[in-house]
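J.: sharing a model prediction with you, sequence too.
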Amino acid sequence: MKVLVAMSGGVDSSVAAALLRDAGHEVVGVTMKLWGGESDTGCCSVADVDDARRVAQQLGLDHVVFNFGDDFAAHVVEPYLEAHVAGQTPNPCVECNRHLKFARLAERAEQLGFDALATGHHARVAPPADGRGWRLGRGVDRAKDQSYVLHMLGQRDLARTLLPVGQLRKAEVRARAAALGLRTAGKADSQDVCFITSQHGRRAFVGTRRPLHPGTVVDTGGRRLGEVPAVELVTVGQRKGLGGPGGEPARYVVDVDVPARRVTVGWHDDLLVEEQDALAWRWVDGVIEDAVLAAGTAGPVLVQVSAHGRPRPATLVLADSGVVTVRWHDRERRVAPGQSVVAYDRTDELVLGGGLAA
Amino acid sequence: MRPEAVEAMLPFLTERFANPSGSHGASRDARRGVDEARDVVAEALGGAPGEVVFTGCGTEADNLAVLGTVRRHGGVAVCSAAEHHAVLHAVEHVGGRVVAVDAAGAVDLDALADALDESVRVVSVMAVNNEVGTITPLDEVAAVVRERAPGAVLHTDAVQGLQWLDLAVAAADFDLVAVSAHKFGGPKGVGALLVRGNTSVEPLLMGGGQERDRRSGTHNVAGIVAMAEAMRVTVATRTETVARVQALRDRLVDGLVAQVPGLRETVPRDRKVAGSAHVCVEGVENESLLFLLDRGGVCASAASACSSGAMDPSHVLAAMGVPREVAGGALRLSLGWASRDEDIDRVLEVLPAAVQRLQPERPERPGAGVGVPVA
């Protein structure tokens, strides 16, 4: 097959390219130029493009760079800023996958005659079997599993996506990279958002592009406790104050109201809810969607609400409006609005669908 | 590279390898290579040998002209909006003024006049635009500047000019003329700035004082020798080359216009150099087109590549008022002394098929042919 491999400059996509080459595919590596500003987190900066290109050279593969800066600005950066203004906690990496990697890039790959797009994500594509369609599965190395950030992939996407590294444990990926003599074998995994540098941070990034406002901190009874310098940067679930012997137990942010410039904090118990609404829900498969629409519910399923969080049992209820309500079997923490909510099947292996916490 | 230039430089990579700045026999021998090269460059540019400053590239020559003038003499720098970034970024760096260009990419003389006053110290206008090939009427620019800002120094980035124009004539009124060897069959990594008469610039590089203190640093002797030889051959064969390349270019563009729906020639032929075949194709993204052309053995470009290797949108087309959607389908096909009929044939085979692949809904024009499979 002709495969276009997205190479971020990291060890996973380097090995993905090598595996596909060794499997006999005609492989071309691509790095997307997404962000023109400073970047030091190890994903897609100019230095990372150099790494990707040199690895491609080492593997004997052609390497191209596509400039998708406009799409990135429109679909990832601007929404990231707007989400903060609205008091939400966005996950831009999810949006990059949704709009750039598996949309813009995938379309370009098809246009240029490639049969599939591959990435170095730790996840697996399960082809149709046992009467069901394509599924996205967790990577073998559970600690590195990235199915959560790929939850938006549907049938058409999965049919044209290859995830070679999901079959390997991370240690094995590094070992293969070292065996191939790849310069990225020892490169640290990328952390955090690619357009936020460790030097300047989120506050400077958002603050130089949107006005930030101080806010008051109140407890659940409305009593004023203090202030925060930027209410837009506060996240539901965030810990404020330290617990400890003789000290107060920790308080947690239970609500952020940007227009009112108010952050409400409470005890851990105040964070716990029985239900969590999710918007913009997408099912991996129309068949599942039809079944859920007919039944009005789905479950029990396992729901994960952060990149490496433990999935918790729940039943999903579908409203006419399209909102999916996650009914936790035990009370769970409220999810920060804007974070992804992803449902897995009972085996905790296959993604059923996902949406955004309301 | 021109074979004559390769041959001329080889001895300077081997037996004539000494540093020309020394005083012993081997140095003097290398020195002679540089001196003779200097004479050739001076004559081609219409200046005196002492006016030639060898640099590491055209960018350095442009930077030296703009930054060197402002740093030594103060004042304001002015350039056109279609300049190469080597000029544009330098002018922006010193807080200069950028003047509009017309729809063909040449500096708008009225806008230029408006931007000039007695505070202007350097005016930089390129002889030939590197993307779209437009020729600037340098004598007309000089006339406007001499009238409105008589104290200003005139600089031209002539990097794309030497192979098409007699710069000694075309840039005769200009005080600073920049060239770059790899554009006329010389090696990469060497250029020159003609610094005419009493013009003085503050050097970018300080050190051993080479090039009469204007550009310190050990000479790239082999590169300089090769540049001069390439220049000599280019000038000697220019008339014939221009005619030959023009015919190739005309066949190419006429063929493309006939066979590719939505393809337009960007600048009229009477305003640009013989080797420029810049076109805009409707409804395709140039990154995709370039990829398919590459697969078909055609090396082309669109605008300029940034340090990551990605294409950035063309500031030249933007300055010319070309809408962004049209500029997105811009294709820069450049011909030179080495271009042959087979190259034209190849492009005419590959490009229409590539465009058709990217615009599947468009009806095939008669004569587009089956084309070479591009995947």
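T.: Here it is on my side, so go on.

J.: contacts, neighbours, all on C-alpha from now
T.: Fine.

J.: now do the strands in the stretch 151-300 of chain B.
T.: Taking DSSP state E, counting those that start in this stretch as the test, the strands found in the stretch 151-300 of chain B are B:153-157, B:176-180, B:191-195, B:263-265, B:276-281.

J.: neighbouring strands for the third one, and are they parallel or not?
T.: When pairing is defined by DSSP bridges, strand B:191-195 lines up against strand B:52-55 (antiparallel), strand B:176-180 (antiparallel).

J.: put the alpha carbons of that strand into CSV.
T.: What follows is strand B:191-195, C-alpha atoms only, in CSV (Å, rounded to 0.1, in the frame of the first residue of the first chain):
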residue,chain,number,x,y,z
GLY,B,191,28.0,36.4,-4.0
ALA,B,192,29.1,39.9,-4.5
LEU,B,193,28.1,43.5,-3.8
LEU,B,194,29.3,46.3,-6.1
VAL,B,195,29.9,49.4,-3.9
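
J.: what sits against the residue most central in space within chain B?
T.: A centroid search over chain B (CA atoms, centre = their mean) returns B:Gln160, at 2.9 Å, as the residue closest to the centre. The contact partners of B:Gln160, taken as CA atoms under 8 Å, 6 or more residues apart in numbering or on different chains, are B:127-130, B:179, B:183.

J.: coming back round to it: save the strands paired with strand B:191-195 as TSV, and put in mean neighbour count too.
T.: What follows is the strands paired with strand B:191-195, written out as TSV (neighbours: other CA atoms under 10 Å in any protein chain shown):
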stretch	mean neighbour count
strand B:52-55	27
strand B:176-180	31
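
J.: stretch B:127-134 spans what distance, first to last residue?
T.: End-to-end distance of stretch B:127-134 (CA to CA, to the nearest Å): 8 Å.

J.: which residues touch that stretch?
T.: With CA under 8 Å, 6+ apart, stretch B:127-134 has contacts from B:82-84, B:104-106, B:135-138, B:156-161, B:171, B:266-267, B:271-273, B:275-278, B:303, B:316, B:332.

J.: among those residues, which are in helices?
T.: B:138, B:316 (DSSP state H).

J.: show me the contacts for residue 98.
T.: This is for chain A. A:150, A:152-153.

J.: try chain B instead
T.: B:Val98 neighbours (CA under 8 Å, 6+ apart): B:78-81, B:88, B:91.

J.: ok, back up a step: for the contacts of B:Gln160, give me a markdown table that also has pLDDT and distance to B:Asp29.
T.: Below are the contacts of B:Gln160 laid out as a markdown table (pLDDT from 0 to 100; distance: CA to CA, whole Å):
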| residue | pLDDT | distance to B:Asp29 |
| --- | --- | --- |
| B:Ala127 | 98 | 35 |
| B:Val128 | 98 | 36 |
| B:Asn129 | 97 | 38 |
| B:Asn130 | 95 | 37 |
| B:Val179 | 98 | 26 |
| B:Lys183 | 96 | 28 |
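
J.: quick check, nearest of the residues you listed to chain A?
T.: B:Asn130 (21.4 Å; CA to the nearest CA).

J.: report how many residues lie close to that closest one.
T.: The local packing of B:Asn130 (other CA atoms under 10 Å in any protein chain shown) involves 23 other residues.

J.: shouldn't it be within a strand?
T.: No. With DSSP: H, G, I helix; E, B strand; the rest coil as the criterion, B:Asn130 is coil rather than part of a strand.

J.: from A:His75, how far off is it?
T.: 33 Å.

J.: cool, and B:Phe291?
T.: On the measure of CA to CA, B:Phe291 and A:His75 end up 25 Å apart.

J.: so where do the helices sit in chain A?
T.: Going by DSSP H, chain A shows helices at A:11-22, A:46-59, A:69-72, A:78-85, A:92-95, A:106-111, A:155-159, A:170-179, A:201-207, A:268-271, A:286-295.

J.: nearest to chain B, of the ones you listed?
T.: Here helix A:46-59 is closest among the helices of chain A (CA to the nearest CA), at 5.3 Å.

J.: could you tell me which residues of chain A lie near chain B?
T.: Proximity of chain A to chain B, by CA under 8 Å from any CA of the partner chain, involves residues A:33, A:46, A:49-50, A:64-67, A:108, A:111-113.

J.: residues in contact with the closest residue to A:Met1 other than its chain neighbours?
T.: Closest residue to A:Met1 apart from its sequence neighbours, by CA to CA, 6 or more residues apart in numbering or on different chains: A:His25 at 5.1 Å. Going by CA under 8 Å, 6+ apart, A:His25 touches A:1-3.

J.: A:Gly322 versus A:His25, what's the distance?
T.: 41 Å.

J.: read off the pLDDT value for B:His73.
T.: On pLDDT, B:His73 comes in at 97.

J.: surely A:Ala280 touches A:Ser321?
T.: No. Judged on CA atoms under 8 Å, A:Ala280 makes no contact with A:Ser321 at a distance of 10.3 Å.

J.: the more surrounded of the two?
T.: A count of neighbours by other CA under 10 Å puts A:Ala280 above the other of A:Ala280 and A:Ser321, at 12 against 7.

J.: tell me the contacts of that one?
T.: Counted by CA under 8 Å, 6+ apart, A:Ala280 has contacts A:322-323, A:355-356.

J.: out of these, which are buried?
T.: Buried members of the contacts of A:Ala280, scored by 16 or more other CA atoms under 10 Å in any protein chain shown, are A:323, A:355-356.

J.: ok, these vs A:Arg224, which is closest?
T.: A:Leu356 (30.7 Å; CA to CA).

J.: right, and the closest one touches A:Pro337 too?
T.: Yes. At 7.2 Å, A:Leu356 and A:Pro337 qualify as touching, with contact defined as CA under 8 Å.

J.: how about the closest residue to B:Val225 other than its chain neighbours, what does it touch?
T.: Nearest non-adjacent residue to B:Val225, counting by CA to CA, 6+ apart: B:Ala37, 5.5 Å away. B:Ala37 is in contact with B:224-225, B:227-229, counting by CA under 8 Å, 6+ apart.

J.: list phi and psi for residue 260.
T.: Just going to use chain A. phi -90, psi 0 (degrees, to the nearest 10).

J.: and chain B, what are its domain boundaries?
T.: According to automatic domain parsing, chain B comprises the domains B:3-234, B:239-358.
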